[in-house]
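Engineer: predicted model, plus sequence, below.
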Protein chains: 2
Amino acid sequence: MNFCTSCGNPVALKIPEGDDRERYVCTHCGMIHYTNPRVIVGCVPEYEGKVLLCKRAIEPRKNFWTLPAGFMENGETTPEGAARETWEEAKARVSNLQLYRLFDVPYISQVYMFYRCSVDNGEFGVGPESLETDLYAEDQIPWGEIAFPVVKETLREYFRDVEAGHFPVRVSSVQRDSWRK
Amino acid sequence: MNFCTSCGNPVALKIPEGDDRERYVCTHCGMIHYTNPRVIVGCVPEYEGKVLLCKRAIEPRKNFWTLPAGFMENGETTPEGAARETWEEAKARVSNLQLYRLFDVPYISQVYMFYRCSVDNGEFGVGPESLETDLYAEDQIPWGEIAFPVVKETLREYFRDVEAGHFPVRVSSVQRDSWRK
Ligand SMILES: [Zn+2]
Ligand SMILES: [Zn+2]
């Protein structure tokens, strides 16, 4: 960040009075520019024991499989955002969203939230950010081609929870060195 | 937002190619400026059946009671942020944080997350944003002087859950007209 969003003059990093960390403060109008973590919302969309996955059409991890997910937008709730992403990426309408998995990724200041849900009528398609989409049973999932560790972990836990018949909400954090290609 | 954070030239609202909503786009360098919801993290700090509350020293809702909570910062996890806020506002160290309550507040693009936790050794103090702090049993809580509806709802549910002996993670959203003074 170089310039003030309000007046267009240069900003400088300093600790505002009463604060305890550096912020971008405008050298002209004094406006303090806070930056905060971003939320990624997604779904574990289920239909008849299978989970809906999307093959990514875009980088990063193009050609790898993921759960539908993306940045939460202003003016929506977390389940609304998760459902919107599922519509955009897999053209599936989903119902009965239940919070299932939260990952903190502090080194990139992100919070991932996945909702379990059911795919209405088992219908889905292919959105512009996907190359293909499909419903997968546990033993069909392309485990070696999953795009992101948080997706793989969520899927593994999900199928274990299906077997156990209950779905506790789990929270954990991802460290930088745990992300492996 | 008036000016580009990167080059200092004016921004204009338009829909970037491939997007479906207006963003602030720089008229000079083309940078797209996304704004996203902010996360507020807080605690329900418990000690010997009582909950730690803070009387607010600052607006909004100065002189009203709240659970320790505040904006999540970059580089921290949600439980780390919740514990940090509890230290800052009530000078209490907390342990065993368990995700408990999530509120979406879409009309101001905020997500509240509260963690249950225990107050180490029952020790607490008064941080700069608080006028006083104290541990309250259910029948001692100043129910008429709670700062925010999400705090009141979380406290009511918490004491019901204590009685029931289990603490499901709940998610709901707050509509504009449900916020009453
Ligand atoms: Zn300025
Ligand atoms: Zn620019």
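Structural biologist: Okay, I see it. Ligands and ions are numbered 1, 2, ... in the order given.
Engineer: the helix or strand harbouring residue A:115: partners in the sheet, and parallel or antiparallel?
Structural biologist: Element membership of residue A:115 [criterion: DSSP states H and E] is strand A:110-119. Note on strand A:110-119: by DSSP bridges, its sheet partners are strand A:38-47 (parallel), strand A:94-105 (antiparallel).
Engineer: buried residues, it. List them.
Structural biologist: A:110-119 (16 or more other CB atoms under 10 Å in any protein chain shown). Yep, even glycine has a C-beta here, placed from its N, CA and C like the rest.
Engineer: shaky segments in chain A?
Structural biologist: A:178-181 (pLDDT under 70).
Engineer: so the helix or strand following the strand holding residue A:115 versus strand A:110-119, what angle?
Structural biologist: Using DSSP H and E, the next helix or strand after strand A:110-119 towards the C-terminus is strand A:130-136. Relative orientation of strand A:130-136 and strand A:110-119, computed by axes from the mean of the first three to the mean of the last three CA atoms, to 10 degrees: 60 degrees.
Engineer: list the buried residues in strand A:130-136.
Structural biologist: Buried-residue list, strand A:130-136, by 16+ other CB under 10 Å: A:130, A:133-135.
Engineer: list of residues touching it?
Structural biologist: The contact list for strand A:130-136 (CB atoms under 8 Å, 6 or more residues apart in numbering or on different chains) reads A:47-48, A:50-57, A:63, A:89-92, A:119, A:122, A:124-127, A:142.
Engineer: count of neighbours near the closest residue to residue A:53 other than its chain neighbours?
Structural biologist: Sequence neighbours aside, residue A:65 is the residue nearest to residue A:53 in space, at 4.7 Å (criterion: CB to CB, 6 or more residues apart in numbering or on different chains). Residue A:65: 26 surrounding residues under other CB atoms under 10 Å in any protein chain shown.
Engineer: I'd guessed residue A:65 sits against residue A:145; true?
Structural biologist: Yes: in terms of CB atoms under 8 Å, residue A:65 counts as a neighbour of residue A:145; the distance is 5.5 Å.
Engineer: contacting residues for the spatially most central residue of chain A?
Structural biologist: Nearest to the geometric centre of chain A sits residue A:40, at 3.1 Å (CA atoms, centre = their mean). Contacts for residue A:40 were tallied using CB under 8 Å, 6+ apart; they are A:69-72, A:110-113.
Engineer: name the nearest residue to it, ignoring sequence neighbours.
Structural biologist: residue A:112 (4.8 Å).
Engineer: quick check: domain ranges of chain A?
Structural biologist: Per automatic domain parsing, the domain ranges recorded for chain A read A:7-35, A:38-174.
Engineer: for ligand 2, give me its nearest residue in chain A.
Structural biologist: residue A:3 (8.2 Å; CB to the ion).
Engineer: who's that residue bridged to?
Structural biologist: Counting by DSSP bridges, residue A:3 forms beta bridges with residue A:10.
Engineer: give me the neighbour count for it.
Structural biologist: By other CB under 10 Å, neighbour count at residue A:3 equals 22.
Engineer: the one 3 residues further on now?
Structural biologist: Other residues near residue A:6 number 15, with proximity taken as other CB under 10 Å.
Engineer: pretty sure it contacts residue A:28?
Structural biologist: No: Residue A:6 is beyond contact range of residue A:28, at 9.2 Å (criterion: CB under 8 Å).
Engineer: which residues are in contact with both of those two?
Structural biologist: Counting by CB under 8 Å, 6+ apart, nothing touches both residue A:6 and residue A:28.
Engineer: of all the residues in chain A, which ones are close to chain B?
Structural biologist: Neighbours of chain B within chain A, by CB under 8 Å from any CB of the partner chain: A:1-10, A:18, A:21, A:33-39, A:71-80, A:99, A:102, A:104, A:106-107, A:109, A:111, A:128, A:169, A:171, A:173.
Engineer: buried among those residues? Need that as a selection in PyMOL.
Structural biologist: Listed next is the PyMOL selection for buried residues among the residues of chain A next to chain B, using 16+ other CB under 10 Å:
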select buried, chain A and resi 3+4+5+8+37+38+39+72+73+76+77+78+79+80+99+102+104+106+109+111+169+171+173
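Engineer: which is the next helix or strand following the longest helix anywhere in chain A?
Structural biologist: Across chain A, the longest stretch assigned as helix under DSSP state H is helix A:149-164. Scanning forward in sequence from helix A:149-164 by DSSP H and E, the next helix or strand is strand A:170-173.
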